[in-house]
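> need a structure here:
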Amino acid sequence: MRKILFSLFLCIACTMQAQEILVGDMNDDNQLSMGDVSTLVNTILGKTPARTVKACSCDPLTADNSAIVGTWRTMTGTEITFEADGSCSLGEGYTYEYRPMQGCILINDETNKIVKIYNLYRADSTYLVLGEVGGTKGFEYYYSSSVFVSSITLSNTEVTLNTGKTFQLSATITPSTASGVTLVWASSDPSVATVSNTGLVTATDKEGTATITATIAGTTLVASTEVTVSSKPAHEYVDLGLPSGTLWATCNIGAENPEDYGDYFAWGETKGYNSGKTIFDWEYYKWCSNKDWTGMTKYTYPDNQTDGIWYSGSTFIGDNKTELDPEDDAAYVNWGSEWRMPTRAQQDELRNTSYTTWTWTTMNGKNGYKVSKKSDSSVYIFLPAAGCRYDSSLNSAGSNGYYWSRSLDTSYSYFAYYLYFHSGNFDWNDYNRYYGRSVRPVFAK
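Got it, this is the predicted structure:
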């Protein structure tokens, strides 16, 4: 009886083909090839079909139910799941029957009544192409979970560049397991800023604003960054006459005035307390996997520790990085490519009283050090005693200052160097990388 019902339904379905269901065989080779699919992208997105044939002309497939088991999604978010036990997600209690020789899938409701028939045009580990018999949408082009992209974000939403400078944008695609993804980069105004096919933004000699976009090819998923090009630095710096020529910023990252505390960052992280990071410990540290000091996953050096994950027994397997890469540098990411976090050597030079004079003072109600040019006290920067963040608390604000360098402690890979001071002393120190500390950038000429 079931076979008779199926045959009758299939005949009815063929009669309904006056609407002509789209098959994507564009070169008449009796199969739906990748070339066909590429040609039909616009059709898949709902535009006028290039050509139509009757759905009943589809080729039979081998009897392999695994070809359709899985969760499949369209680029617009429509989802369908075929379980190995014969159930499916098209309705409560719905089941399916895959009929390979007819190239069809029967969809049964909770009463075991056939409610839909799909023609199966293609099924492999990546793509599933179905056409509902009697439907009006042509066929549905599905991607497997491994390639479906749900979102895209860029490393920065805003970037300010001096004329002629560059900045590297990076894209994060969700899920991270997506494969075969192509990014299309574009600038709304190339006369202000251009972008390469790898996301490298270059400011021209023209001041203005341009929007840089990254689009997932073949989809409507897009992310953007607003780029402002200026002939002057967005942030000011001071020349203290240091032998290296290092130019120090007048404010901390996140501050509008020299005396403002600004933001707090864990070492190697570019989003700080003001960006929503509320807890500073190993569990929430970006470069830690073991929730303690043994779990550093980046910036590891063959130090005197042998029980971290950067060792295999006594063999070092770390990355040998001793300074932050630009993409992990809070100054570079938040202020632009003209800025970097200082090295330990640059902080040591700033502390050298042969070149600078350090005076504990108060500026607009905030304690800190006025660091002046040795030969001219009118040229100076002010470093507020902003304290540091540990766990969910701010500690020692008003009495102590802690300023990260971009240099790793090569004796302990879970430590990094920082400038430390209080009213009676200013020196360097090293400690756990997860602490939230201030960042005073230097200008990269």
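> burial count for Asn197?
Here the count is done by other C-beta atoms under 10 Å, and Asn197 has 9 residues near it. No exception for glycine: its C-beta is placed from N, CA and C like everyone else's.
> Am I right that it is in contact with Ser187?
No: assessed by C-beta atoms under 8 Å, Asn197 is found out of contact with Ser187, at 11.9 Å.
> So Ser392 is in contact with Glu283, correct?
No: with contact defined as C-beta under 8 Å, Ser392 does not reach Glu283; the gap is 12.0 Å.
> Could you check the pLDDT of Leu40?
Looking at Leu40, its pLDDT reads 44.
> Please name the spatially closest residue to Asp319 (chain neighbours excluded).
Excluding the flanking residues, the one nearest Asp319 by C-beta to C-beta, 6 or more residues apart in numbering is Thr300, at 5.6 Å.
> That neighbour touches Trp293, doesn't it?
No: using C-beta under 8 Å, Thr300 makes no contact with Trp293, being 11.6 Å away.
> what residues are shared contacts of the two?
Gly308 (C-beta atoms under 8 Å, 6 or more residues apart in numbering).
> Looking at those two now, which is surrounded by more residues?
A count of neighbours by other C-beta under 10 Å puts Thr300 above the other of Thr300 and Trp293, at 23 against 19.
> Check the offset of stretch 106-113 from the chain's centre.
43 Å (C-alpha atoms, centre = their mean, to the nearest Å).
> again but with stretch 191-201, I slipped
18 Å.
> give me the number of residues near Phe167?
Neighbours of Phe167 under the rule other C-beta under 10 Å: 25.
> roughly how far apart are it and Cys288?
When distance is defined by C-beta to C-beta, to the nearest Å, Phe167 is 28 Å away from Cys288.
> same question, Thr356
Plainly put, Thr356 is 35 Å away from Cys288 if you go by C-beta to C-beta.
> just to revisit the earlier point, residues touching the residue nearest to Asp319, list them.
308, 310, 318-321, 413.
> which of those are buried?
308, 310, 318, 413 (16 or more other C-beta atoms under 10 Å).
> among the residues you listed, which two are most distant?
Spatial extent of those (C-beta to C-beta) is set by the pair Gly308 and Gly318 at 8.1 Å.
> what sits in contact with each of these two?
In contact with both Gly308 and Gly318: 296, 300, 413, using C-beta under 8 Å, 6+ apart.
> isn't there a helix covering the second one?
No: assigned with DSSP: H, G, I helix; E, B strand; the rest coil, Thr300 falls outside any helix and is coil.
> Per-residue pLDDT of it, please?
92.
> same deal with Ala249?
Among the per-residue scores, Ala249 holds a pLDDT of 97.
> distance of it from Leu200?
Taking C-beta to C-beta, one finds Ala249 at 24 Å from Leu200.
> Ser144 too?
32 Å.
> more neighbours, these two?
Ser144 (16 against 13).
> Who are the contact partners of that one?
70-72, 125-128.
> cool, Pro302 as well?
316, 318, 320.
> Equivalent analysis for Arg344, please.
Counting by C-beta under 8 Å, 6+ apart, Arg344 has contacts 405, 407, 417, 428.
> switch the cut-off to 6 Å
Contact analysis of Arg344 by C-beta atoms under 6 Å, 6 or more residues apart in numbering lists 405, 407, 417.
> can you give me the helices in this protein?
Taking DSSP state H to define them, one finds helices in the chain at 2-15, 34-39, 41-44, 330-335, 344-351.
> Just the pLDDT for Tyr98.
pLDDT recorded at Tyr98 is 82.
> Run a quick neighbour tally on it.
Count around Tyr98 with other C-beta under 10 Å applied: 22.
> Report the separation between it and Gly91.
The value you get for Tyr98 to Gly91, if C-beta to C-beta is used, is 17 Å.
> Equivalent analysis for Ser312, please.
For Ser312, the distance to Gly91 - C-beta to C-beta - is 52 Å.
> Next: Tyr143.
On the measure of C-beta to C-beta, Tyr143 and Gly91 end up 22 Å apart.
> Do I have it right that Thr71 meets Glu83?
No: with contact defined as C-beta atoms under 6 Å, Thr71 does not reach Glu83; the gap is 9.3 Å.
> of the contacts of Pro302, closest to Ile212?
The closest of these to Ile212 turns out to be Asn320 (C-beta to C-beta; 32.9 Å).
> which residues touch the residue nearest to the closest one when sequence neighbours are not counted?
Using C-beta to C-beta, 6+ apart and skipping residues adjacent in sequence, the residue nearest Asn320 is Tyr301, 6.0 Å away. By C-beta under 6 Å, 6+ apart, the contact list for Tyr301 reads 322, 410, 413.
> Repeat that for Ala123.
Applying C-beta under 6 Å, 6+ apart to Ala123 gives the contacts 67-68.
> any idea how far it lies from Ile105?
Ala123 is 10 Å from Ile105, by C-beta to C-beta.
> Who is the nearest residue to Ser150 once chain neighbours are set aside paired with across the strands?
Distances taken as C-beta to C-beta, 6+ apart place Thr174 nearest to Ser150, at 5.2 Å, with adjacent residues excluded. Beta bridges link Thr174 to Ser151, judged by DSSP bridges.
> thought Thr174 was touching Ser151?
Yes: contact criterion C-beta under 6 Å: Thr174 and Ser151 qualify, at 4.6 Å.
> quick one, what contacts Thr194?
Here Thr194 is in contact with 187, 202 (C-beta under 6 Å, 6+ apart).
> Over to Gly401?
Applying C-beta under 6 Å, 6+ apart to Gly401 gives the contacts 383, 385, 421.
> dump the residue contacts of Gly295.
288-289, 309 are the contacts of Gly295 under C-beta under 6 Å, 6+ apart.
> Would you mark the buried spots in stretch 206-213?
210, 212-213.
> Rebuild the residues you listed as TSV, extending it with pLDDT.
Listed next are the buried residues of stretch 206-213 as TSV, based on pLDDT from 0 to 100:
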residue	pLDDT
Ala210	97
Ile212	97
Thr213	97
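> how does the chain divide into domains?
2-144, 156-230, 237-443 (automatic domain parsing).
> What's the end-to-end length of the longest one?
Spelled out, it's domain 237-443. Domain 237-443 stretches 7 Å from its first residue to its last (C-alpha to C-alpha, to the nearest Å).
> Give me the distance from that domain to the chain's centre.
Per C-alpha atoms, centre = their mean, the displacement of domain 237-443 from the mean C-alpha position of its chain is 24 Å.
> ok, for the residue nearest to the spatial centre of the chain, nearest residue in space, not its chain neighbours?
The structure's the chain has its C-alpha centroid closest to Thr172; by C-alpha atoms, centre = their mean the separation is 2.5 Å. Leaving aside its sequence neighbours, Thr172 sits nearest to Thr153 (C-beta to C-beta, 6+ apart; 4.9 Å).
> and the one you found, how many residues sit next to it?
13.
> you'd agree it is up against Ser170?
No: applying C-beta under 6 Å, one finds Thr153 not in contact with Ser170, separated by 9.7 Å.
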